[in-house]
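Enquirer: Test case, fold it:
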Amino acid sequence: MISKLHTIKQIQLYPIKGMGGISVHSTKALQEGIQWDRHWMLVDEEGTFQTQRELRFMVHFKTALKDEGVEVSYKEEKILLPFIHTKEGERTVQIWEHTLIADVCKTELSEWFSEHLGKQLQLVCLKAKTPRIKKIRVAPDEVAIRFSDGYPYTILGTASVELLNSKLEEALPETRFRSTIIVETDTPHAEDTWTDFQINGLDFRMVKPCSRCVVTTINQDTGSTSKEPLKTLSSYRREGNYVNFTMNAICLTEGVISVGDKFTV
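Expert: Numbers count the residues shown, from 1 in each chain. Just a heads-up that it's a prediction; the model follows:
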């Protein structure tokens, strides 16, 4: 297959699982994901991970990168999650099929989220020396990941969103799908056909299509819900019991990637 060049349009990271994302111009691409992506997570009293599936008003929490950590804002209030965190113990947490031991962050941080989300929650961080290992269907057969649903990277082509929007009454922003890397493309779902690719000379590999859930139906600005885009996607992107849109990928060579970098298939 002849190599084809594309361009990176956006890089998005989501520091706290289920909450607002941050658009960055340049960042480190690591095996376990973009630096600081899904680095923190909220769990309930049983230790089960929480996302917009359970708490859709997580959309009202915005995040921003600061020199010393991630600033989280809710209305007029702000708190800081330091990159070098002080842990207050450990606890067992559950995220999909994985049971892990995570660091518990400072009590005041958990209380702040609990108050604003109306539910008893704890903020946790993945332990550095005990990575979460995901079995995958391509070489190298397993990969270390953080608190992402299943894979460290999701890749979205702009032409795929353009095709979807041509079928919708109201167009959706590309960020609705919470992908980490958005690529300028001219053919809808070209990303479905990619296997190995490079960004700024770094090697990546596609793993499988990403099946979509109800989070895609939540307006990331207001928290309102509708049947779209799943209703329309089901009409042309359904495969068995799944509606697939975007692709999951892994990073084979760590380094720096930036908006504007050449994406070579």
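Enquirer: drop to CA atoms for contacts and neighbour counts, all remaining ones
Expert: Fine.
Enquirer: Strands along the stretch 101-250 of the chain, start to end?
Expert: 122-126, 132-135, 142-145, 153-157, 181-184, 196-199, 202-211, 238-239, 242-251 (DSSP state E, counting those that start in this stretch).
Enquirer: Export these to JSON lines and append columns for mean neighbour count and mean pLDDT.
Expert: Formatted as JSON lines, those follow (neighbours: other CA atoms under 10 Å; pLDDT from 0 to 100):
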{"stretch": "strand 122-126", "mean neighbour count": "24", "mean pLDDT": "95"}
{"stretch": "strand 132-135", "mean neighbour count": "16", "mean pLDDT": "92"}
{"stretch": "strand 142-145", "mean neighbour count": "18", "mean pLDDT": "94"}
{"stretch": "strand 153-157", "mean neighbour count": "26", "mean pLDDT": "98"}
{"stretch": "strand 181-184", "mean neighbour count": "20", "mean pLDDT": "97"}
{"stretch": "strand 196-199", "mean neighbour count": "19", "mean pLDDT": "96"}
{"stretch": "strand 202-211", "mean neighbour count": "18", "mean pLDDT": "97"}
{"stretch": "strand 238-239", "mean neighbour count": "12", "mean pLDDT": "96"}
{"stretch": "strand 242-251", "mean neighbour count": "22", "mean pLDDT": "98"}
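Enquirer: how about a markdown table for those strands, with distance to E54 added?
Expert: Shown next, in a markdown table, are the strands of the stretch 101-250 of the chain (distance: least, CA to CA, whole Å):
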| stretch | distance to E54 |
| --- | --- |
| strand 122-126 | 15 |
| strand 132-135 | 23 |
| strand 142-145 | 22 |
| strand 153-157 | 22 |
| strand 181-184 | 25 |
| strand 196-199 | 35 |
| strand 202-211 | 18 |
| strand 238-239 | 24 |
| strand 242-251 | 20 |
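Enquirer: So for I79, which of the ones you listed sits nearest?
Expert: Closest to I79 of those is strand 122-126 (CA to CA; 12.8 Å).
Enquirer: ok, and what's touching the closest one?
Expert: Contacting residues not belonging to strand 122-126 are listed as 39-45, 101-107, 109-111, 114, 146-147 [CA atoms under 8 Å, 6 or more residues apart in numbering].
Enquirer: Next step: these restricted to helices.
Expert: 107, 109-111, 114 (DSSP state H).
Enquirer: Write the PyMOL selection for whichever of the residues you listed are buried.
Expert: Burial among the ones in helices among the contacts of strand 122-126 is assessed by 16 or more other CA atoms under 10 Å; the matching PyMOL selection reads:
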select buried, resi 109+110+111+114
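Enquirer: tell me which element G260 is part of?
Expert: Assigned by DSSP states H and E, G260 falls within no helix or strand.
Enquirer: Tell me the confidence at the residue nearest to it when sequence neighbours are not counted?
Expert: Spatial nearest neighbour of G260, excluding adjacent residues (CA to CA, 6 or more residues apart in numbering): I8 at 5.1 Å. At I8, the model reports a pLDDT of 97.
Enquirer: So I8: helix, strand or coil?
Expert: The assignment at I8 comes out as strand when based on DSSP: H, G, I helix; E, B strand; the rest coil.
Enquirer: I'd like to check which residues are in contact with it.
Expert: Here I8 is in contact with 181-184, 258-263 (CA under 8 Å, 6+ apart).
Enquirer: returning to that earlier point: and the strands of the stretch 101-250 of the chain: which comes nearest E88?
Expert: strand 122-126 (9.7 Å).
Enquirer: tell me how far the ends of stretch 137-157 are from each other?
Expert: End-to-end span of stretch 137-157 (CA to CA, to the nearest Å): 22 Å.
Enquirer: Understood, closing this out.
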